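Q: coordinates for the following, if possible.
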Amino acid sequence: MIRVVCLLAVLNAACPLDTGMLFPRESSSREVKELNGLWSFRADASTNRNQGFEKGWYKSRLEETGPVIDMPVPASFNDITQDSTLRDFVGWVWYDREVQVPARWIADKGTRVVLRVGSAHYYSIVWVNGVKVTEHNGGHLPFEADIGSVLRSDPTAPCRITIAVNNTLTLETLPPGVIQHMDDLTRYPAGFFVQNIYFDFFNYAGIHRTVLLYTTPKAYVDDITVVTDFLDNNGIVNYKVSVQGAASATVKVTLIDKDGRSVASSSEQSGVLKVVDVKLWWPYLMHVDPGYLYSMEVRLTAGDERSTYEDVYTLPVGIRTVNVTSSQFLINNKPFYFHGVNKHEDSDIRGKGFDWPLIVKDFNLLKWMGANSFRTSHYPYAEEILQMCDRHGIVVIDECPGVGIKDIRSFGSPSLNHHLAVMDELVRRDKNHPSVVMWSVANEPASEMPPAGFYFKTLIEHTKALDPTRPVTYVTNSNYARDKGASYVDVICVNSYFSWYHDSGHLEVIPIQLNTQFENWYNMYKKPIIQSEYGADAVAGLHSDPPMMFTEEYQNVVLKSYHNSFDQKRKDYVIGELIWNFADFMTIQGVTRVVGNKKGIFNRQRQPKAAAFVLKDRYWRLANETGRLTPWTKYPCSV
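A: Numbering: from 1, shown residues only. Next up, the predicted model:
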């Protein structure tokens, strides 16, 4: 009983936000209408980038304001045309589309009609039929608005959705950036400016994920939070259901296994479900049946003086635990070793736009190479990707967009407040995914600066209050002795590129410097360590013997040298290794990059370099050495 009471206390601590952000799912009470496809598009190329607001482009169809082009949604706008000015555009761009809304949605005043944008980079304002319905600050998380009242104000009018998106980055955004104006007219044209950034990937922009309409009844399930545990052979699911639109409601919660059998039920809005002979959620290659998911069906009945409302929502639930010791990462009380990758949402033409064929291909490659995990470097990924991870048992370090915090001004109160708000949104969205085992609040910040200590103490404590069930980290590459925030994290994540950015070409330094790195960090903080990035650029098809930088041979030797050191330390306190990077990706133009970053073990088109086979051999060996695999899994397989 003490164990259950403690978990209920954790559950309450994990729900500080007033409203939820449940992933839209169809049910007997809910409908979903995707709005993906071609939208009208116009970039505001005026000098002040403000013409669209000055002339009210949202008041009429966008094509009536001036020239428009077709733009696919979801997709980044940068690589769609042959126009280099659009590829590098900074400022406001405008989208619009007219959609047909089912008449019954409008006629039934007991139906909520919600417009949801999966993500748009970076700042967004949304109008429906010229009426502003919402705005959102942040480029990687969903936002939505109830638009029923706007539609019903003129039921005969078409539903015209206008979305203005601004990709400008400042010292207070995540990630940060600075606009630099060049006023020397002997060198630059009038009004010339550039967006400076402090991160090594292209600042793709636009509407990157699905736009949709969905419905719920007037009284509806607004949010669900689950916290799971197990004791012996019994699973424990602590849950809390948040209801909106009704002062009182009747709730029926049923947990259903994969065979459709009810294994536990309750009639309370919050409580504990106990599952006999529980099937735990296990990572890929750690169990014969990884990624086992139950379904939690929530049925709501509520009424007012006019009507009775029924709502049904089903949430996938994986029962598992996560714990950290001074030298181990435990999933279901068993040591877990991260052997995986860092990734980017990045591909040809579509940029960061959501793309199902690409996602399925990437998961086939992950499982083919024996990877059991990845980090969402350096921003939250699409919810559908996390759902794939839940089903396939791929473990996720879920990272917020706190990359490139290098300027001391980015540690001020406005930046911190925005960072806290982003973590609120991230945890609210992803808290129920069993695949998400750790929150990462930043990547390679200037953690040696004096303000970093207070900044990260506040940020990490806030994140732990949002979700006390998962460890928190940030990813560092600074000197261990000068790091102002590492004492607050639960796991040390370290990036290092010995023989690449440091002592370039000198492979012999890797074992010495890597050993020193591990010993220094562990002796200082006594916390488990993940090598969260390592690698070397390799241009596919470029060869040299003896190995030289940028060849496939050099990349292979770097990886193998790191692996030798990992094998010495993973018996002690190193709990994981994540290669940088899964695939080549686009960056800004510069003298150190030849059409993007080439550290991928696959090229941008997902074809393997020699390093992919090095990783494949290693990861399958690591998986087989655990001794927890059944005989049929002791060989490479794919999805």
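Q: low-confidence stretches in the protein?
A: Per-residue confidence of the chain (counting by pLDDT under 70) places the weak regions at 1-18, 626-639.
Q: run the last query once more with 50
A: Low-confidence segments of the chain (pLDDT under 50): 1-17, 627, 630-635, 637-639.
Q: quick check: the residue lying farthest from the centre of it vs residue 335, distance?
A: Here the centre of the chain is the reference, and by Cα atoms, centre = their mean the most remote residue is residue 186, at 44.2 Å. Residue 186 sits 64 Å away from residue 335, going by Cβ to Cβ, to the nearest Å. Placement of C-beta: from N, CA and C, glycine included.
Q: now the host helix or strand of residue 127: how far from the chain's centre is it?
A: Under the criterion DSSP states H and E, the helix or strand holding residue 127 is strand 123-128. Its chain's C-alpha centre and that of strand 123-128 lie 22 Å apart, by Cα atoms, centre = their mean, to the nearest Å.
Q: contacts made by that strand with the rest, please.
A: Residues outside strand 123-128 that contact it (Cβ atoms under 8 Å, 6 or more residues apart in numbering) are 58, 115, 117, 132-139, 143, 145, 147, 150-151, 159-166, 168.
Q: what do you get for stretch 246-264?
A: 218-219, 237, 239, 241, 243, 265-269, 271, 273-276, 279, 292-304, 309, 317.
Q: sort out for me which of the residues you listed are in strands.
A: 237, 239, 241, 243, 265-266, 271, 273-276, 294-303, 309, 317 (DSSP state E).
Q: and what about residue 284, helix, strand or coil?
A: Three-state call for residue 284 (DSSP: H, G, I helix; E, B strand; the rest coil): coil.
Q: and the spatially closest residue to it that is not a sequence neighbour, backbone torsions?
A: Closest residue to residue 284 apart from its sequence neighbours, by Cβ to Cβ, 6 or more residues apart in numbering: residue 393 at 3.8 Å. As for residue 393, its main-chain torsions (degrees, to the nearest 10) stand at phi 80, psi 30.
Q: got a list of what residue 393 touches?
A: Contacts of residue 393 by Cβ under 8 Å, 6+ apart are 281, 282, 283, 284, 285, 286, 287, 290, 291, 372, 435.
Q: isn't the third one right next to residue 330, touching?
A: No. With the criterion set as Cβ atoms under 8 Å, residue 283 and residue 330 do not qualify as a contacting pair; they are 11.7 Å apart.
Q: who has more neighbours, the two?
A: residue 283 (26 against 14; other Cβ atoms under 10 Å).
Q: contacts for stretch 472-483 next, please.
A: 375, 397, 399, 402, 438-448, 456, 460, 463-464, 485-486, 488-496, 517, 520-521, 524-525, 530, 532-533.
Q: pull the distance from it to the chain's centre.
A: That offset, for stretch 472-483, works out to 21 Å (Cα atoms, centre = their mean).
Q: only alpha carbons, please: show that stretch as CSV.
A: Provided in CSV are the C-alpha atoms of stretch 472-483 (Å, rounded to 0.1, in the frame of the first residue of the first chain):
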residue,chain,number,x,y,z
VAL,A,472,16.8,14.2,-16.5
THR,A,473,20.0,15.1,-18.3
TYR,A,474,21.5,17.7,-20.5
VAL,A,475,24.2,17.0,-23.0
THR,A,476,27.6,18.6,-22.5
ASN,A,477,30.9,18.8,-24.1
SER,A,478,32.5,21.3,-21.7
ASN,A,479,35.3,20.6,-19.3
TYR,A,480,34.0,18.6,-16.3
ALA,A,481,35.5,20.9,-13.7
ARG,A,482,33.9,24.0,-15.2
ASP,A,483,30.4,22.6,-15.8
